[in-house]
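Student: Quick one, fold the following:
(chains A and B)
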2 protein chains.
Amino acid sequence: MKPASEIERLIQMLSRLPGLGPRSARRAALHLVKKRDTVLLPLADVMRAAGEAIKPCRTCHNLDTSDPCHVCSDSSRDLGLVCVVEQVGDLWALERGGAYRGTYHVLGGVLSALDGVRPEDLAVDSLLARARDGQVREVILALNATVDGQTTAHYLADLLHGAGIAVTRLAHGVPVGGELDYLDDGTLAAAMAARRVL
Amino acid sequence: MKPASEIERLIQMLSRLPGLGPRSARRAALHLVKKRDTVLLPLADVMRAAGEAIKPCRTCHNLDTSDPCHVCSDSSRDLGLVCVVEQVGDLWALERGGAYRGTYHVLGGVLSALDGVRPEDLAVDSLLARARDGQVREVILALNATVDGQTTAHYLADLLHGAGIAVTRLAHGVPVGGELDYLDDGTLAAAMAARRVL
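Tutor: Presented below is the predicted three-dimensional model:
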């Protein structure tokens, strides 16, 4: 015998969320059904509201409740800077950091021969169109430092060099707070090659 | 700048669920907004459906989508057995085990002088009423092996002894798969005292 079907379905769906397994989904579901009026129903409402409001930004492909998104429509931002990221989560991460006040372009992934991801599967054309519109003066390729991420960065850099704008990438080096002893050889070599005068 | 307000609210509410912190709530929210039609909206619907269907069982105080709950209305169960548990989660745990085919009684907590929980705050009266209805022949006190749990068990046992029914508690001992070296002294002493002939 198992808990009632609606609860069972709730547990099952919660357990598919990243970071929740069957056990933690059960705990979350129990918390929800015990706090029906203060947690479960409000959360359901927020989910529905978010689900209905969310749309991709036509300019940068960010997911937001408005189109253009709150980044693209923020007049205090430098529209001459476009930071290219793989996913919306990367955009969120950079926004949390607060060190960047330009716009973004969410590629939607990286090129991958293995997974069969080709340039036409990503938001490459719209990036080139933005790069050529005269307003953009620098494209920052903030892709992950993985093989596919760097391959994609080089591919985009080749395409963008014709547009007469600056193309940059994030610096590689020792993470702030990082200990040399725990870093991989590639990071150490990159940090050494890009050393700066103190 | 933060993600859009609906997404922000979603993250905030998700992060209050047990087992999810701010970081994992963000990952879950990102997963949800990226899979709007396959995950976010269906989950919102399931939550609403569960929230609207869930009610406490008038007999055993289990939370279920029907009253009487699926346990109390299951005719294949032994209605002469009542297993008293603290919370609905304990009932779920026993049901998962599958070793018990009687009914339950969810107390809703344990007596606690520290937290000011008195007998009238728990489902004690309804338990006594069930114990006296003539159908019940054994009450199993499956409360947690904590100080408050055991205090409550003794309190209930005293009340129930007048009803002329058997009052039992779960056995204490070595957990299946447990190693003696890692067990606390109390468990070892209990297991030794309750040793059985092989």
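
Student: pretty sure residue A:61 is touching residue A:125, no?
Tutor: No - using C-beta atoms under 8 Å, residue A:61 makes no contact with residue A:125, being 11.5 Å away. In this view, the C-beta of every residue, glycine as well, is placed from N, C-alpha and C.

Student: and the two? which has more neighbours close in?
Tutor: Between residue A:61 and residue A:125, counting by other C-beta atoms under 10 Å in any protein chain shown, residue A:61 is the more crowded of the two (20 against 11).

Student: burial count for the closest residue to the more buried one other than its chain neighbours?
Tutor: Distances taken as C-beta to C-beta, 6 or more residues apart in numbering or on different chains put residue A:106 closest to residue A:61, at 4.1 Å, once the chain neighbours are dropped. Residue A:106: 25 surrounding residues under other C-beta under 10 Å.

Student: which residues does residue A:106 bridge with?
Tutor: Applying DSSP bridges to residue A:106 gives these bridge partners: residue A:85.

Student: show me the contacts for it.
Tutor: Shown in contact with residue A:106 (C-beta atoms under 8 Å, 6 or more residues apart in numbering or on different chains): A:60-62, A:85-88, A:90-91, A:123.

Student: Likewise for residue A:171?
Tutor: residue A:194.

Student: Next, the buried residues of the lengthiest helix in chain A.
Tutor: Scanning chain A for the helix with the most residues, using DSSP state H, yields helix A:147-161. For helix A:147-161, the neighbour count (16 or more other C-beta atoms under 10 Å in any protein chain shown) marks A:148-150, A:152-153, A:155-156, A:159-160 as buried.

Student: Also stretch A:182-189?
Tutor: A:183, A:187.

Student: Show the pLDDT at residue A:116.
Tutor: pLDDT recorded at residue A:116 is 92.

Student: What is the burial count for it?
Tutor: Quick note: residue A:116 (other C-beta under 10 Å) scores 8 neighbours.

Student: With residue A:166 instead?
Tutor: 14.

Student: Tell me which residues touch it, please.
Tutor: A:137-139.

Student: Out of those residues, name the ones that lie in strands.
Tutor: Among these, the ones falling in strands (DSSP state E) are A:138-139.

Student: Closest one to residue B:19 out of the contacts of residue A:166, please.
Tutor: For the contacts of residue A:166, the closest approach to residue B:19 (C-beta to C-beta) belongs to residue A:139, at 39.8 Å.

Student: Hmm, residue A:165 and that closest one touching each other?
Tutor: Yes - Residue A:139 is in contact with residue A:165 according to C-beta under 8 Å; the separation is 6.2 Å.

Student: who touches both of the two?
Tutor: Common contacts of residue A:139 and residue A:165 (C-beta under 8 Å, 6+ apart): residue A:131.

Student: The two: which has the busier surroundings?
Tutor: Taking neighbours as other C-beta under 10 Å, residue A:139 and residue A:165 compare with residue A:139 leading, 25 against 16.

Student: ok, what's across the strand from that one?
Tutor: Going by DSSP bridges, residue A:139 forms beta bridges with residue A:82, residue A:167.

Student: Residue A:67 - how many residues pack around it?
Tutor: Neighbours around residue A:67, by other C-beta under 10 Å: 14.

Student: Relative to residue A:47, how far out is residue A:13?
Tutor: Applying C-beta to C-beta, to the nearest Å, the value for residue A:13 to residue A:47 is 11 Å.

Student: What segments of chain A are strands?
Tutor: A:55-56, A:63-64, A:78-85, A:102-106, A:138-141, A:166-169.

Student: Next, format the ones you listed as JSON lines and append mean pLDDT.
Tutor: JSON lines is the format used below for the strands of chain A (pLDDT from 0 to 100):
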{"stretch": "strand A:55-56", "mean pLDDT": "90"}
{"stretch": "strand A:63-64", "mean pLDDT": "90"}
{"stretch": "strand A:78-85", "mean pLDDT": "94"}
{"stretch": "strand A:102-106", "mean pLDDT": "95"}
{"stretch": "strand A:138-141", "mean pLDDT": "94"}
{"stretch": "strand A:166-169", "mean pLDDT": "92"}
